[in-house]
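Novice: Fold the stuff below for me.
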Amino acid sequence: MRPQTDGGVNERREQWRDAHVLVVGLGLSGLAAARSLVALGARVTGIDTRPHVAEAAAAELGAAARVLAARQDEQSLIAEALARGPRVAIVSPGIPPRSPLVAAPRAAGLAILTEFDLAWLIRADNAPWFFVTGTNGKTTTAQMTSALLQAAGLHAPPLGNMGVAMTTVALEGIADEAGTVRPPQAWPVEIAALQLHDTTYPEPQAGICLNVAEDHLDHFGTMAAYRAAKAKVYQHARGACVYPEWEDGARAMVEEADVTEGAIAVGLSLAAPRIGQIGVVEGLVVDRAYYARRQREALELFGVEDLRHLAIGDTVPPHVLTNAMAAAALVRSVDLEPEAITAGLRGFRLDAHRIATVASHQGVSWVDDSKATNAHAAEASMRQLAAGTCVWVAGGDAKGADLEDLVRRQADRLRAVVLIGKDPSPWSGPLSRHASAIPVIEVPDGDTTEVMRAAVAAAHAHARPGDTVLLAPAGASWDQFRSYAHRGEAFAQAVLARLSDAQGPPEVS
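Specialist: Down below sits the predicted model:
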């Protein structure tokens, strides 16, 4: 079966009736896909190597789907599933491409889809999609894009990696601000390389790859494979392919993309823009890409001052500005007016655990950037700090990344380092080579609450007035915590508990 994309919504959905579909991975997205397929009348076989996940999915789906027993090796599990004769496989993003759970269905000739494909195929409308990817900044940019669209009066909640499965939104809609469940009028979508790798069908109105830095090498194996997955954000773009001029190789991604006829390339520049770019002139972000009179003049979109509420101290961080420029470039592809862009940015607030000040006490700032799960994101936070003023709380699952360059470039900003996580060696090795004079405290593995309390105590002992204690781990959280949010919450709780015992109450942000 090769799913069809044309026809009305009823025709697109009817093609799934009695179709035999294999769902590989039954976590949040996989289970939602299975649930949606069952609602469409498909015959579903689901598999997951985690027994408790498979058992929970079987209990929820009941007799409407067949969930195979997970207590067997991957080869046996996928062989049993393929023996049932599925024609299509919906693959969850966390499963490496080389895993038999993905490689075997592909070798058997099954059409390989993601939940993003399925959502596109069963959507109830033709509302524009906006794809945002990048090693860092994609969540903030997708949320900013949503804010700009909603400032124009559109029902456009942030989607993708935002907690609500794409297939659920496509089939059922999503609540608006009044609580009415209805289809989105625009889809600002955060999409990671893990999801882009096998995504084929969507035709986004516009897409952007913000950056590509070393990450997920344990999944993709090489930087070339990781970059190739990111480049798929431009595939089938209908309106615009937006790219940052300052990122090496970004324009090449656009030039090599298979786009819809008529799609244009839009460059982002931190200088005065040329024709075809959005850039910065005397503190104003201006458009010479979409504006009808771009040959002679530029259209003002917003000012850097409109982002002042997102500043760290007195400075708007460069990545906040570039994320806002990216969001503006995406929505300009549907002629969104500057008034909506300005209003949306002025009302925007950063997500939790993204450069959030937890407290200030006796001249020391405590900052939660738990969402900095790789070197590129951690460096974006650290480079805002003055030399010798950073007490860095780091560690976790490095995901195969090399942290040598991060430590070498940021060593002069460090006063001390506190390492958490089960394996501190990806951090401790580079620190010994590039910051040997800096105190490094390794917190033993154990109960997550006690780990974070010990980390905060060590940071408190080394911090001095004017310093920032920065949780920017440069690693994923799942070796010790449930999520980056859990890690950030544990940090905040430990900070407030520690400071409440100190002389004078903390100033809580």
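Novice: thought residue 61 was touching residue 44?
Specialist: Yes: under the criterion of C-beta atoms under 8 Å, residue 61 is in contact with residue 44, at a separation of 7.3 Å. Glycine gets a C-beta too; all of them are placed from N, C-alpha and C.
Novice: Among the two, which residue is more densely surrounded?
Specialist: Comparing residue 61 with residue 44 by other C-beta atoms under 10 Å, the one with more neighbours is residue 44, at 24 against 20.
Novice: Doesn't that one lie inside a strand?
Specialist: Yes: counting by DSSP: H, G, I helix; E, B strand; the rest coil, residue 44 is part of a strand.
Novice: What does the pLDDT read for it?
Specialist: For residue 44, the model assigns a pLDDT of 97.
Novice: now the residue nearest to it when sequence neighbours are not counted: how far from residue 122?
Specialist: Take residue 44 and drop its neighbours on the chain: the residue closest to it by C-beta to C-beta, 6 or more residues apart in numbering is residue 65, 3.9 Å away. Going from residue 65 to residue 122 by C-beta to C-beta, to the nearest Å gives 17 Å.
Novice: try residue 81
Specialist: The gap separating residue 81 from residue 122 is 22 Å, by C-beta to C-beta.
Novice: for this protein, which spans come out with low pLDDT?
Specialist: 214-219, 313, 502-509 (pLDDT under 70).
Novice: can I see the domain layout of it?
Specialist: Here the domain parsing of the chain from automatic domain parsing is 9-113, 125-346, 356-501.
Novice: any chance of the ones you listed in JSON lines, with distance to residue 2 too?
Specialist: What follows is those, written out as JSON lines (distance: least, C-beta to C-beta, whole Å):
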{"stretch": "domain 9-113", "distance to residue 2": "6"}
{"stretch": "domain 125-346", "distance to residue 2": "10"}
{"stretch": "domain 356-501", "distance to residue 2": "34"}
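Novice: Name the residues of the longest helix along the chain that are buried.
Specialist: Scanning the chain for the helix with the most residues, using DSSP state H, yields helix 484-501. Within helix 484-501, the residues scored as buried using 16 or more other C-beta atoms under 10 Å are 484, 486-492, 494-496, 498-499.
Novice: Same check on stretch 336-349?
Specialist: For stretch 336-349, the neighbour count (16+ other C-beta under 10 Å) marks 336, 338, 340, 341, 342, 343, 344, 345, 348 as buried.
Novice: and what of stretch 432-440?
Specialist: 434, 435, 438, 440.
Novice: Give me the contacts around that stretch.
Specialist: Contacts with stretch 432-440, where a contact means C-beta atoms under 8 Å, 6 or more residues apart in numbering, come from 404, 407-408, 411, 414-419, 428, 431, 462.
Novice: Among the residues you listed, which one lies nearest to residue 32?
Specialist: Using C-beta to C-beta, residue 419 comes nearest to residue 32 of those, at 36.6 Å.
Novice: CA-only coordinates of stretch 174-191, as PDB, when you get a sec.
Specialist: Output in PDB follows, covering the C-alpha atoms of stretch 174-191 (Å, rounded to 0.1, in the frame of the first residue of the first chain):
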ATOM      1  CA  ILE A 174      -7.000  20.700  19.400                       C
ATOM      2  CA  ALA A 175      -8.500  23.100  22.000                       C
ATOM      3  CA  ASP A 176      -8.300  26.800  21.300                       C
ATOM      4  CA  GLU A 177      -8.100  29.500  23.900                       C
ATOM      5  CA  ALA A 178     -11.900  29.200  24.600                       C
ATOM      6  CA  GLY A 179     -11.600  25.500  25.100                       C
ATOM      7  CA  THR A 180     -13.300  24.600  21.800                       C
ATOM      8  CA  VAL A 181     -11.700  21.600  20.100                       C
ATOM      9  CA  ARG A 182     -11.200  22.300  16.300                       C
ATOM     10  CA  PRO A 183      -8.700  21.900  13.600                       C
ATOM     11  CA  PRO A 184      -5.800  24.400  13.600                       C
ATOM     12  CA  GLN A 185      -5.800  27.200  11.100                       C
ATOM     13  CA  ALA A 186      -2.000  27.000  10.900                       C
ATOM     14  CA  TRP A 187       0.500  24.300  12.100                       C
ATOM     15  CA  PRO A 188       3.700  25.700  13.600                       C
ATOM     16  CA  VAL A 189       5.600  22.400  14.000                       C
ATOM     17  CA  GLU A 190       8.800  21.500  15.800                       C
ATOM     18  CA  ILE A 191      10.300  18.500  14.100                       C
END
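Novice: ok now that stretch, how far from the chain's centre?
Specialist: Here stretch 174-191 is found 18 Å from its chain centre; the criterion is C-alpha atoms, centre = their mean, to the nearest Å.
Novice: Equivalent analysis for stretch 72-89, please.
Specialist: The answer for stretch 72-89 is 30 Å, by C-alpha atoms, centre = their mean.
Novice: try stretch 95-104
Specialist: Computed by C-alpha atoms, centre = their mean, the chain-centroid distance of stretch 95-104 equals 22 Å.
Novice: That one: end-to-end distance?
Specialist: One end of stretch 95-104 sits 13 Å from the other (C-alpha to C-alpha, to the nearest Å).
Novice: can you check stretch 462-478 too?
Specialist: With C-alpha to C-alpha, one end of stretch 462-478 sits 27 Å from the other.
Novice: swap in stretch 333-351?
Specialist: Distance between the two ends of stretch 333-351: 25 Å, counting by C-alpha to C-alpha.
Novice: Could you tell me how far it lies from the centre of the chain?
Specialist: On the basis of C-alpha atoms, centre = their mean, stretch 333-351 sits 20 Å off its chain's mean C-alpha point.
Novice: what's in contact with that stretch?
Specialist: Under the contact criterion C-beta under 8 Å, 6+ apart, stretch 333-351 has outside partners 128, 130, 139-140, 143-144, 147-152, 186, 205-206, 239-240, 242, 266, 290, 299-303, 306-307, 309-310, 324, 327-328, 331-332, 356, 371.
Novice: what about residue 73, how many residues close to it?
Specialist: Neighbours of residue 73 (other C-beta under 10 Å): 10.
Novice: Distance check, it against residue 52.
Specialist: Taking C-beta to C-beta, one finds residue 73 at 17 Å from residue 52.
Novice: Repeat that for residue 179.
Specialist: In terms of C-beta to C-beta, residue 179 sits 33 Å off from residue 52.
Novice: The two: which is more packed in?
Specialist: Under the criterion of other C-beta under 10 Å, the comparison of residue 179 against residue 52 puts residue 52 first, with 9 against 6.
Novice: State the three-state secondary structure for that one.
Specialist: Residue 52 is classified as helix under three-state DSSP.
Novice: what about it, distance to residue 96?
Specialist: From residue 52 across to residue 96, the span is 21 Å (C-beta to C-beta).
Novice: Residue 114 now?
Specialist: On the measure of C-beta to C-beta, residue 114 and residue 96 end up 14 Å apart.
Novice: again with residue 426
Specialist: 20 Å.
Novice: Out of these two, name the residue with the larger neighbour count.
Specialist: A count of neighbours by other C-beta under 10 Å puts residue 426 above the other of residue 426 and residue 96, at 25 against 15.
Novice: Ramachandran coordinates for the more buried one?
Specialist: Note on residue 426: backbone dihedrals following degrees, to the nearest 10 are phi -60, psi -20.
Novice: would you list the contacts of stretch 432-440 in JSON lines and tack on secondary structure and neighbour count?
Specialist: As requested, those are arranged in JSON lines below (DSSP: H, G, I helix; E, B strand; the rest coil; neighbours: other C-beta atoms under 10 Å):
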{"residue": "404", "secondary structure": "helix", "neighbour count": "14"}
{"residue": "407", "secondary structure": "helix", "neighbour count": "27"}
{"residue": "408", "secondary structure": "helix", "neighbour count": "13"}
{"residue": "411", "secondary structure": "helix", "neighbour count": "18"}
{"residue": "414", "secondary structure": "strand", "neighbour count": "24"}
{"residue": "415", "secondary structure": "strand", "neighbour count": "21"}
{"residue": "416", "secondary structure": "strand", "neighbour count": "21"}
{"residue": "417", "secondary structure": "strand", "neighbour count": "26"}
{"residue": "418", "secondary structure": "strand", "neighbour count": "25"}
{"residue": "419", "secondary structure": "strand", "neighbour count": "24"}
{"residue": "428", "secondary structure": "helix", "neighbour count": "18"}
{"residue": "431", "secondary structure": "helix", "neighbour count": "21"}
{"residue": "462", "secondary structure": "helix", "neighbour count": "16"}
